[in-house]
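1. need a 3D model of the sequence below.
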Amino acid sequence: QVQLVESGGGLVQAGGSLRLSCAASGRTFSIYTMGWFRQAPGKEREFVSCISQSGSFTSYADSVKGRFTISRDNAKNTMSLQMNSLKPEDTAVYYCAGKKTAGYDSSRYAPTGYDYWGQGTQVTVSS
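-> Here you go, the predicted structure:
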């Protein structure tokens, strides 16, 4: 089994920065693409960013492109999301996710494409 634990959330003013981390444990060799999703109150869980197993490929939602940067360290079984120029609309619970199947295909954009999930970390951006 795989466990994912997020950290780094908090309260920040608009324009500020936060760095989220996701630590994986257990059968980490079974994790391929990893991603970040977020869910605001009353809204669907939405794709934020993902990274391939090797780290060679990354994808971003248009809403965060140019402001967020995803990275992973396979030796440490961690993934990070550097969030800059934060906006109030970035307020949400952020979830770390991992896929147990190889391939960097279109399923990477959907929550249903992921097999492992963390419990989430709250990010609140005040105006």
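2. can you show me the strands along this protein?
-> 2-7, 10-13, 18-26, 34-39, 46-51, 58-60, 68-73, 78-83, 92-98, 116-117, 121-126 (DSSP state E).
3. and those strands as a markdown table, adding mean neighbour count?
-> For every residue, glycine as well, the C-beta is placed using N, CA and C. A markdown table is the format used below for the strands of the chain (neighbours: other C-beta atoms under 10 Å):
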| stretch | mean neighbour count |
| --- | --- |
| strand 2-7 | 17 |
| strand 10-13 | 13 |
| strand 18-26 | 18 |
| strand 34-39 | 24 |
| strand 46-51 | 22 |
| strand 58-60 | 17 |
| strand 68-73 | 18 |
| strand 78-83 | 21 |
| strand 92-98 | 23 |
| strand 116-117 | 18 |
| strand 121-126 | 17 |
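4. which stretch among these comes nearest Tyr109?
-> Of all the strands of the chain, the one in closest proximity to Tyr109, counting by C-beta to C-beta, is strand 46-51 (4.8 Å).
5. pLDDT averaged over that closest one - what is it?
-> For strand 46-51, the mean per-residue pLDDT is 98.
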